[in-house]
Every structure is written in C-alpha cells, then in structure tokens.
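Enquirer: Sequence plus the predicted model coming up.
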Amino acid sequence: MWANKARYLIKDKETHESIYNRAGIYAEFGKIICISTGYFSDYSKTKKLFRLKSFYGDDEKKILIDFASLLNKFFNKSNHLLCAHNGKEFDFPYLSRRMLINGIKLPKALNTSGKKPWEINHLDTMEMWRFGDYKNFTPLNLMAHVFGIPSPKDDIDGSKVWQVYWEEKNLQRIVTYCQKDVLTIAQIVLKMKGEELLSDSEIKIIY
C-alpha cells in the first residue's frame, strides 16, 4: 500500500523504501504515540493559569480513548474551541482518522461531518496569521521567533520524531517536544490578542 501511495511522492532518484520515514505523516500509515494538550483553567486580566497534560505510550488506542474521554467530559460545549498550528490541515484530520481506524467514536469537538464551516469550533494559528493571505505558510518556530517566544524546536522537530521513537526509544523526549509546541501556541494566541506572555509560575504540567 505504501509503494502505491509513494508513487505520487517520489522525486528524482527516490524510491518508496528511501522515503518510508515520511509514511508516518499520513494517518493511514502512522501511529499516534503522544497527544499533548493545554488549556486555560484561569483566564482574566489579573490571573492566568495554563495547564499542560500529555497522553503518551506505545498503546495508540489507549491514548486516543483517554484523549477522547477528556474532550467528551470537559470540552464538549459549543463555546469550546480546539486550537493548533496548521491544525485544520494536519492535527485535527489526523486525530479523527486514527480514532476511526481504531474503532473510537469521534468526540463532538472533532466531528465535523455535516457541519457548515462556521459551525466547526477549530482555531488554527497558521490561518489566523495569514489574515486572508492564502499563499502565506509560516511554521510555528518562525512565528515564535518574530514574537520573541523561545523556539519549541530547540531539541527536535517533527521530522525527527520517528527516529527518536523507533531508534532511540526515547518517548519522554518526544513528550517534552510536544508540550513545548502546545505552550508556544498558547503564547502566540496571547500575543495576537495583545496580552502578556505566560510566566513560568502560570504554567502547570499535570501528570
């Protein structure tokens, strides 16, 4: 199946074997090993508290069940929004496809079937930064740089995740990378609202 898919991706002297490390970015061939989430439990002019929680491990189905349970229990109202960088093109479709492949019913927050575009409660910081300019593609680390936010890619980036997982067997390193991404997105949203960045004391990791 990968050989058939790769026919449309191969360039120059590449083969489907040589680009196999790219297979994981396609939900039909990938496996979710970490989902990092963040939310504001307090949000006001005088007080903010941002909580980070990760679901991770080798058992993809358990990760997805636990994440779906979180969404169903706490984030299932019409005023709840899911936010990610390039989330509309990657994160949200990928999560939805892997849930269906694993036989998990989609939570309300991810189920877009039959909804009009304005009824889908998904925010995308890449889309927000475009301001209607569809030719603009700005990666998360570049947005972080222009806003003076520490880069979330100071250790690894997405292209290295497969190697760190399959060859180094270092899942915790991936969890840290994912949490940095989530925190960076929250900081960018605050910047785009004209607000101050979160301080270390306003960030809590839940285990």
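Expert: Received it, and whenever you're ready, just let me know what you need.
Enquirer: use CA for all of it now, contacts and neighbours both
Expert: Fine.
Enquirer: Give me the distance from the helix ranked longest in the chain to the chain's centre.
Expert: Using DSSP state H to define each element, the chain has its longest helix at helix 171-192. The offset between the C-alpha centroid of helix 171-192 and the centroid of the whole chain comes to 9 Å, using Cα atoms, centre = their mean, to the nearest Å.
Enquirer: Could you list which residues are in contact with the residue nearest in space to the middle of the chain?
Expert: The structure's the chain has its C-alpha centroid closest to D91; by Cα atoms, centre = their mean the separation is 4.9 Å. Residues in contact with D91 (Cα atoms under 8 Å, 6 or more residues apart in numbering) are A84.
Enquirer: same thing but 10 Å
Expert: In this structure, D91 makes contact with 35, 83-85, judged by Cα atoms under 10 Å, 6 or more residues apart in numbering.
Enquirer: ok, of those, which one's closest to S96?
Expert: Out of these, the one with the shortest distance to S96 is I35. That distance is 12.7 Å, counting by Cα to Cα.
Enquirer: Looks to me like the closest one is in a strand.
Expert: Yes - the assignment for I35 by DSSP: H, G, I helix; E, B strand; the rest coil puts it in a strand.
Enquirer: Name the SS class of the nearest residue to it once chain neighbours are set aside, please.
Expert: Nearest in space to I35, with sequence neighbours left out and distances taken as Cα to Cα, 6 or more residues apart in numbering, is F55 at 5.2 Å. Judged by three-state DSSP, the three-state class of F55 is strand.
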